[in-house]
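**Q** just to be clear, the model below is a prediction. Sequence and coordinates:
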Amino acid sequence: MSDERPCFADRIDAGRRLAAAIASEGIAEPLVMALPRGGVPVAFEVATVLGAPLELLIVRKIGAPGQAEFGLGALVDGDEPQLVLNAEVMRVVKPSQEYIDAEVSRQRLELERRRELYLGDRPRISPERRKVILVDDGIATGGTVRAAVQALRKAGAAALVVAVPVAPPSAIAGLRRQVDRVVCLATPHPFHAVSIYYDDFEQTTDAEVIALMRRAKGEGAATASTDSDKNQ
């Protein structure tokens, strides 16, 4: 695709268009998993169209010492949270095991806090032996999605489909080697920030995530206000 922008009105529009593309793939009885926060409105539309359950997959970056934005890997939520490290980055940075252990403990607490915030005490839907459709609102570098894919494989997913509205061609090429299927509506080249391809790319709030997950689980469209919207 040429560099035409924007592609989508907002995440709802992107989700509905993505859902139509996924529906044509004929995936039987999938489990839709969203990467919060931005992936949730997109995944909600996908799950609604497919009549599939919606679950969250929370991923927390493990930052390098003194450079939190430089990712050593990620901790991925699950029955047993899984640590996925980038071997190449680890060889360069060489963080101590004590540092890794401390970061994992800190991010594990944040995983638990967010899961309780978003879902309360509702039981987790396991990806084991399920056909999982992993949804986000777009891919830039792909680090979060790759970590999620590795964790879902380890968790026993029977099949993995990555579905995103927009991503760079290089990221999609890499993912095709890691998953069973990739559904991506737009692969602009050259690629700019994900936000460029949306008319409206306002940050998804915690309250919106909570409301959408309640709707997905049949609890109505109630919303919840929270001060944690600022904590991404």
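**A** Structure's in. What do you need?

**Q** excluding its backbone neighbours, what's nearest the most centrally placed residue in the chain?
**A** The centroid of the chain falls nearest to residue 35 when counting by CA atoms, centre = their mean (2.2 Å). Spatial nearest neighbour of residue 35, chain neighbours left out: residue 136 (4.4 Å); criterion: CB to CB, 6 or more residues apart in numbering. No exception for glycine: its C-beta is placed from N, CA and C like everyone else's.

**Q** now do the SS call for residue 72.
**A** At residue 72 the chain is in strand, as set by DSSP: H, G, I helix; E, B strand; the rest coil.

**Q** not counting sequence-adjacent ones, nearest residue to it?
**A** Closest residue to residue 72 apart from its sequence neighbours, by CB to CB, 6+ apart: residue 62 at 4.7 Å.

**Q** now the helix or strand that the one you found is a member of: mean pLDDT?
**A** For residue 62, the host element (DSSP states H and E) is strand 59-64. Averaged across strand 59-64, pLDDT comes to 94.

**Q** what pairs with it, parallel or antiparallel?
**A** strand 67-76 (antiparallel) (DSSP bridges).

**Q** now the strand it pairs with: buried residues?
**A** 71-76 (16 or more other CB atoms under 10 Å).

**Q** residue 124: which of these is nearest?
**A** residue 76 (12.9 Å; CB to CB).

**Q** hmm, residue 59 and that closest one touching each other?
**A** Yes. Using CB atoms under 8 Å, residue 76 is in contact with residue 59, at 5.2 Å.
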